[in-house]
Every structure is written in structure tokens, then in C-alpha cells.
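Visitor: Kindly return the folded structure for what I paste below:
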Amino acid sequence: MRYKTKDNLLTKKQHDLLHQTLVCNTFPWYYNDSIIAEGDDYYHFNHLFYKDGQSNSAYIKIVEPLLKKIKFKKLLNVRSNLFLRDHVNTVYPKHKDYEYKHKVLLYYVNSTNGGTLLDEKVTIKCKKNRGLFMNGDIWHSPITQTNTKYRVVVNIGYIE
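Guide: Sure, this is the predicted structure:
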């Protein structure tokens, strides 16, 4: 399997709690001055739940239902990305999260007309409560949205 999607990945209650928490005006988002590489001309906001073998956030519990959807030997990172509305659907530069063998779960928190472009061929639509499971060797690119104020994605990198 190179990639697969699963709709309604979480229960309605789990999804609603995650969504409400991430879009609450008191949730701590942090400005990131690049998307792919330092110095690129893109930006977004993120929240780092887990990195370098340890929790990095008091909010780690809200992503636990997602962690139960994957089988991992090692968790690499868990973060959420917040993209603000763009005037056109911009396709960001392609990238891989890590240069070594790993897996990725992208979880779409809300529905937008943005998405994720895989290997420059397949577009995965940004649909709320959808999980995109993929091999980490797939080149992928975020696509911004024009129809909603925000696009929120949870990104989990792991080794099976």
C-alpha cells in the first residue's frame, strides 16, 4: 500500500472534540515562517504535540484517538498545521517529511477546497474526519484553500 484514505476515521464525538479544541480562540498556534524549507516564501501556523520522543503539549490527549488508529514502533512527530484562506489554490513545493523509511497519517479536521497532492498526480480532497495513510517516500504537497477561513490538518509521522 502506497496510500489509502479512510473517511469517518474518528467517531463524531472524538472528531468534534478535536475540531472544537483546535479552532478555539485560546488554542496555542505558533507562526512558522516556512512550509517546506527554511527561507521559502510560504508560511503557516502549527502546534507541536510530540517530537523527539516526548510530549511537547498539554493538549496531547486530544490526538490520542488518532494514535490508536496506527500501529507504530516509534512515533516521530505529531503536529497540527493551520493554513489561512488564500486567494487562489496554491500548490506548495513537494516534499517528504523524512528522508528515511516512515509512514504518515494526515488527518483533515475540516472540509475545504484545498487538499494534498501526491506524487504530482493524485489530489486527495480535504474532507473533515478523513485520514490519509501513506508511505513516507511519497512526494506530497499541501494545497491551500479559497473557500474557508482556515484549513487544519494533523500530521503524524511514525515508524511501523
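Visitor: Does the lowest-mean-pLDDT helix or strand in the chain pack against any helices or strands, and if so which?
Guide: Within the chain, no helix or strand scores below strand 30-32, which has a mean of 90 by mean pLDDT, DSSP states H and E. Judged by 3 or more CB pairs under 8 Å, 6 or more residues apart in numbering; DSSP states H and E, strand 30-32 is in contact with strand 44-51. From N, CA and C alone the C-beta is placed, and that goes for glycine too.
Visitor: so after the strand it packs on, what's the next helix or strand?
Guide: strand 54-55 (DSSP states H and E).
Visitor: Now stretch 75-89: buried residues?
Guide: Leu75, Leu76, Asn77, Val78, Arg79, Ser80, Asn81, Leu82, Phe83 (16 or more other CB atoms under 10 Å).
Visitor: of these, closest to Leu106?
Guide: Checking the buried residues of stretch 75-89 against Leu106 by CB to CB gives Asn81 as the nearest, at 9.3 Å.
Visitor: Give me the contacts around the strand or helix carrying that closest one.
Guide: Asn81 is part of strand 74-84 when elements are defined by DSSP H and E. Contacts with strand 74-84, where a contact means CB atoms under 8 Å, 6 or more residues apart in numbering, come from 22, 29, 44-51, 53, 60, 63, 66-67, 97-98, 102, 109, 114, 142, 144-145, 149-159.
Visitor: got the contact list for Tyr31?
Guide: Tyr43, Phe45 are the contacts of Tyr31 under CB under 8 Å, 6+ apart.
Visitor: looking at the sheet around it, what are its partners?
Guide: Beta bridges link Tyr31 to Phe45 when assigned by DSSP bridges.
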